[in-house]
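In: have a look at this prediction, sequence included:
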Amino acid sequence: MKSISIIGAGPAGIEAASVLAKQGMTVALFEKSSSPLKNIADKAFLFPNFAAASDIVELMSKKLLNQNITLHYDTEIVDMRREGQGWKIVDGKGATYYSDCVLMATGYTPFDAHRKEELGYGIYGGVVTSLEMEKMIRYNQIVNSLGEKPKRVVFLQCVGSRDEKSGNHYCSKVCCVTAVKQAIELKRQLPDTEAYIFYMDLRMWGQHFEELYRQSQQEYGVRYVRGRISEASGTFDGRVQIKAEDTLMGLPLKMTTDLLVLMVGMEASEGTRCLAKACGICGDYGFAQSVDPHLGDCLTAESGLYVCGACKRPMSINDVVNDARAAAVAILEAE
């Protein structure tokens, strides 16, 4: 019976572990946190059908109930390398593990909005990230810095993505539709609150995403402004004043809002950067590099080492799950 070490218990790692375990492989699943699916568990609803994130977590967690899967929580893998015909991996406490092959499913980390100082995150209470907004929505506690229901909320796209200053030239893929989703959820909870979305280009690339964008305008009155916000500052009454340019009108503008929501993009996680470097599979922007984006996207230049999910590039959850299944098939065919 072949054995595999899977690093990361997000949707990619869990889906791959489930498929491989059902086919008789012995799976050791390593997760640095104390529980799985950390990047989903703190969400409210998922686009495009507003499925409850908690339901997805519950369904995916059940996939781990297989005798061929051994879970290792609170275990951060810091090094891995080929040894003989198999692989040796090492955790942060110095413990070593051996398996026939390894699958990296180390995922992503959200962009740190503190790096965009001009937007005032961590300085003004009314500036929050999309992750913080998601928690407000989940618990029906959308409030401004004074603890009051906001009268106006502004969402800003492409924070940490498509940005020369941050060094990330790529699109994070999910921010556009997440802003649309959150604006709709805001209007459902607070119908009288004004919602604005500032964008560079709206990339409604997925099935039903364009319909969601239209619905946000026609049914919920969400307003869209093409332009980037150059600066945010606090006001004496605890609100946030923004400076921007409406690039369709070619005019500068100022606006005061109760909440400025920064739609933060995806970056390669520290685990992805560390392990990709250790194995010589570093790709652009710190993500892991596969052999070929078309026919070998789950394979690497190292025999017995596979990659799947957002450790390669930004992906949505459904993309991640499908990619994990593809990786499982590649592993079964090779092993």
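Out: Good, I have the coordinates.
In: contacts and neighbour counts: CA atoms only from here.
Out: OK.
In: out of the helices and strands in the protein, which is least certain?
Out: Within the chain, confidence by mean pLDDT, DSSP states H and E is lowest for helix 38-41 among all helices and strands, at a mean of 89.
In: which secondary structure elements does the helix or strand following that one sit against?
Out: The element immediately downstream of helix 38-41 (helix or strand, assigned by DSSP states H and E) is strand 45-46. Here strand 45-46 touches strand 51-52, going by 3 or more Cα pairs under 8 Å, 6 or more residues apart in numbering; DSSP states H and E.
In: switch the cut-off to 10 Å
Out: Counting contacts by 3 or more Cα pairs under 10 Å, 6 or more residues apart in numbering; DSSP states H and E, strand 45-46 is packed against strand 51-52, helix 53-62, helix 130-138, helix 175-189.
In: partners of it, with directions?
Out: When pairs are called by DSSP bridges, strand 45-46 turns out to pair with strand 51-52 (antiparallel).
In: quick one: low-confidence parts of this structure?
Out: The chain contains residues with pLDDT under 70 at 1, 335.
In: just checking, Gly13 is part of a helix?
Out: Yes - the assignment for Gly13, made by DSSP: H, G, I helix; E, B strand; the rest coil, places it in a helix.
In: so who does it touch?
Out: When contacts are counted by Cα atoms under 10 Å, 6 or more residues apart in numbering, Gly13 touches 5-7, 29-31, 36-37, 103-107, 307-309, 320-321, 324-325, 328.
In: try it again at 8 Å.
Out: Residues counted as contacts of Gly13 (Cα atoms under 8 Å, 6 or more residues apart in numbering) are Ile6, Ile7, Leu29, Met104, Ala105, Thr106, Ala324.
In: quick one on the thing from earlier: so which of the helices and strands packed on strand 45-46 is the most surrounded?
Out: Highest mean neighbour count among the helices and strands packed on strand 45-46 (mean count of other Cα atoms under 10 Å): helix 175-189, with a mean of 22.
In: next SSE after that one?
Out: In N-to-C order, the element after helix 175-189 by DSSP H and E is strand 194-199.
In: ok, Phe30 to Asp284 distance?
Out: Relative to Asp284, Phe30 is positioned 25 Å away (criterion: Cα to Cα, to the nearest Å).
In: the more surrounded of the two?
Out: A count of neighbours by other Cα atoms under 10 Å puts Phe30 above the other of Phe30 and Asp284, at 24 against 12.
In: could you measure from the more buried one over to Glu219?
Out: In terms of Cα to Cα, Phe30 sits 44 Å off from Glu219.
In: and the end-to-end length of stretch 35-46?
Out: Stretch 35-46 stretches 20 Å from its first residue to its last (Cα to Cα).
In: buried set for that stretch?
Out: For stretch 35-46, the neighbour count (16 or more other Cα atoms under 10 Å) marks Pro36, Leu37, Ile40, Lys43, Ala44, Phe45, Leu46 as buried.
In: how far does that stretch sit from its chain's centre?
Out: Remark: stretch 35-46 is offset 10 Å from the chain centroid, using Cα atoms, centre = their mean, to the nearest Å.
In: who's in contact with that stretch?
Out: The contact list for stretch 35-46 (Cα under 8 Å, 6+ apart) reads 9-11, 51-54, 57, 61, 73, 131, 134-135, 137-138.
In: now flag whichever of these is closest to His294.
Out: Pro11 (21.8 Å; Cα to Cα).
In: the closest one touches Ile317, doesn't it?
Out: Yes - at 7.2 Å, Pro11 counts as touching Ile317 under the criterion of Cα atoms under 8 Å.
In: of these two, give the one with the bigger neighbour count.
Out: Comparing Pro11 with Ile317 by other Cα under 10 Å, the one with more neighbours is Pro11, at 28 against 19.
In: the more buried one: what's it in contact with?
Out: Taking Cα under 8 Å, 6+ apart, we find Pro11 in contact with Leu37, Met60, Ile317, Val320, Val321.
In: partner residues bridging the residue nearest to the spatial centre of the chain?
Out: With distances taken as Cα atoms, centre = their mean, Met266 lies nearest the centre of the chain, 5.4 Å away. With DSSP bridges as the criterion, Met266 is bridged to Pro110.
In: contacting residues for it?
Out: Met266 sits next to Tyr108, Thr109, Pro110, Phe111, Gly160, Ser161, Ser172, Pro314 when contact means Cα under 8 Å, 6+ apart.
In: before we move on, what about Val291?
Out: By Cα under 8 Å, 6+ apart, Val291 lies in contact with Asp297, Cys298, Leu299, Thr300, Ala301.
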